[in-house]
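Novice: Next come a sequence and a model predicted from it.
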Amino acid sequence: MTARSRVQQAALLVGAVFLLLGILGFIPGVTTDYDSLKFASHDSTAKLLGVFQVSILHNIVHLLFGVAGILMSRAASTARTYLIGGGVIYLVLWLYGLIIDHDSSANFVPVNNADNWLHLVLGLAMIALGVALTRRSRTDL
């Protein structure tokens, strides 16, 4: 068994965090207003850690994104793809959250302002990790 590269470790860590968030989204108390948790609707007023609006679909996406990160951390190339590709997806989600009316049926995920800003930070951080941890130094050339 070989040691994981830094990009693999980062993808594993990010995947594990998403998996944990997906699990926590289904735990009453950690998720406030749990009784209002809906499958996919802006009417789901449940909030992870009392801040981030979630639904069953939102939690499932976190679970799947976490599993993907863990599986893709097995090789440096797929770990990089996970971080950069996932970062791009989160930037698209950030834009989506800025554009839609949060009280409309278009907000089916659902997201709130806290989610939007978290998506921006996650997107930028994941891309930065994917690029920085796979950049070759001058001595590698």
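Specialist: Cool, the structure landed. As the structure is a computational prediction, the values presented were derived from the model and not from experiment.

Novice: tell me the mean pLDDT for the helix or strand containing residue 77?
Specialist: Assignment of secondary structure by DSSP states H and E places residue 77 within helix 76-99. Across helix 76-99, pLDDT averages out at 97.

Novice: Who are the packing partners of it?
Specialist: Other elements packing on helix 76-99 under the criterion 3 or more Cβ pairs under 8 Å, 6 or more residues apart in numbering; DSSP states H and E are helix 6-24, helix 56-72, helix 113-132. Glycine gets a C-beta too; all of them are placed from N, C-alpha and C.

Novice: Turn these into TSV, including mean pLDDT.
Specialist: Output for the helices and strands packed on helix 76-99, formatted as TSV (pLDDT from 0 to 100):
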stretch	mean pLDDT
helix 6-24	98
helix 56-72	97
helix 113-132	97
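
Novice: Any idea which of these gets closest to residue 93?
Specialist: With Cβ to Cβ, the closest approach to residue 93 among the helices and strands packed on helix 76-99 belongs to helix 113-132: 4.6 Å.

Novice: Give me the packing partners of that closest one, helices and strands only.
Specialist: With contacts defined as 3+ Cβ pairs under 8 Å, 6+ apart, helix 113-132 has these neighbours: helix 6-24, strand 52-53, helix 76-99.

Novice: closest one to residue 37 among these?
Specialist: Of the helices and strands packed on helix 113-132, nearest to residue 37 by Cβ to Cβ is strand 52-53, at 10.3 Å.

Novice: What mean pLDDT does that closest one get?
Specialist: For strand 52-53, the per-residue pLDDT averages 96.

Novice: Give the pairing partners of that strand; include direction for each.
Specialist: Strand pairing for strand 52-53, determined by DSSP bridges: strand 47-48 (antiparallel).
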